[in-house]
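Novice: give me a model of this one.
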Amino acid sequence: MEINYNFKNYSKKLTGINLHIQKLKTTLLHHLLLVASSLLGILVSLHGNNDASILLRWVFATISVLLSLSILTAAISLYAELHYVQRAKERYVSSSIEAVRDGRAAEPVFVKPLKIFSICQTAAYVCFAASIVALAWYAVLLSFSF
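Specialist: So this is what the prediction gives:
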């Protein structure tokens, strides 16, 4: 009986830690999405140098594409949180119905993350970091082009 109590106690602590980590990841993605969107909007609105060299145009286009991909993949990753909750709810409802039919207590359900959402989360971080590097390279090229 005491082993079962300790397991439940540790399980509650672990669940709390996992929820805190998930909240931090969601907050990070939210801020990344906000910064990338703002940066893309500022860059597009301030870019007006039509007589720039072809290299500067390609670097600007690369920055725009990387920021757009970062925004897209961060938004998909944020949607993943809603998707996990929906899947967990569906799985818990079906598990609870089976438990009531069998006359036992409902067991906790676990939802395995989908591979596509993990890939999108990693892609969001990589694209954002690459766009910052490309933006620095663009600033260097722009300063030496005049």
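
Novice: select the longest helix from this structure.
Specialist: helix 54-102 (DSSP state H).

Novice: what element comes up after that one heading to the C-terminus?
Specialist: Counting by DSSP states H and E, the next helix or strand C-terminal to helix 54-102 is helix 115-144.

Novice: residue ranges with poor pLDDT in this structure?
Specialist: Residue ranges of the chain with pLDDT under 70: 1-11, 49, 146.

Novice: what number of residues lie near Cys120?
Specialist: Cys120 has 21 neighbouring residues, counting by other Cβ atoms under 10 Å. The way it works is simple: take the backbone N, C-alpha and C, and place the C-beta from them, glycine included.

Novice: follow-up on the earlier one: quick one, the longest helix of the chain and helix 115-144 angle?
Specialist: In terms of direction (axes from the mean of the first three to the mean of the last three Cα atoms, to 10 degrees), helix 54-102 departs from helix 115-144 by 160 degrees.

Novice: from the chain's centre, how far out does helix 54-102 sit?
Specialist: Distance, stretch centre to chain centre, for helix 54-102: 7 Å (Cα atoms, centre = their mean, to the nearest Å).

Novice: packing partners for it?
Specialist: Applying 3 or more Cβ pairs under 8 Å, 6 or more residues apart in numbering; DSSP states H and E, one finds that helix 54-102 contacts helix 2-46, helix 115-144.

Novice: the first one packs against which elements?
Specialist: Other helices and strands packing on helix 2-46, by 3+ Cβ pairs under 8 Å, 6+ apart, are helix 54-102, helix 115-144.

Novice: can I get those in TSV with distance to Leu43?
Specialist: Putting these into TSV (distance: least, Cβ to Cβ, whole Å) gives the following:
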stretch	distance to Leu43
helix 54-102	7
helix 115-144	8
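
Novice: so for Ala36, which of those helices sits nearest?
Specialist: helix 54-102 (4.6 Å; Cβ to Cβ).

Novice: could you identify which of the helices and strands packed on helix 54-102 is most buried?
Specialist: Most buried of the helices and strands packed on helix 54-102, by mean neighbour count (mean count of other Cβ atoms under 10 Å): helix 115-144, with a mean of 15.

Novice: distance between that helix and the chain's centre?
Specialist: On the basis of Cα atoms, centre = their mean, helix 115-144 sits 14 Å off its chain's mean C-alpha point.
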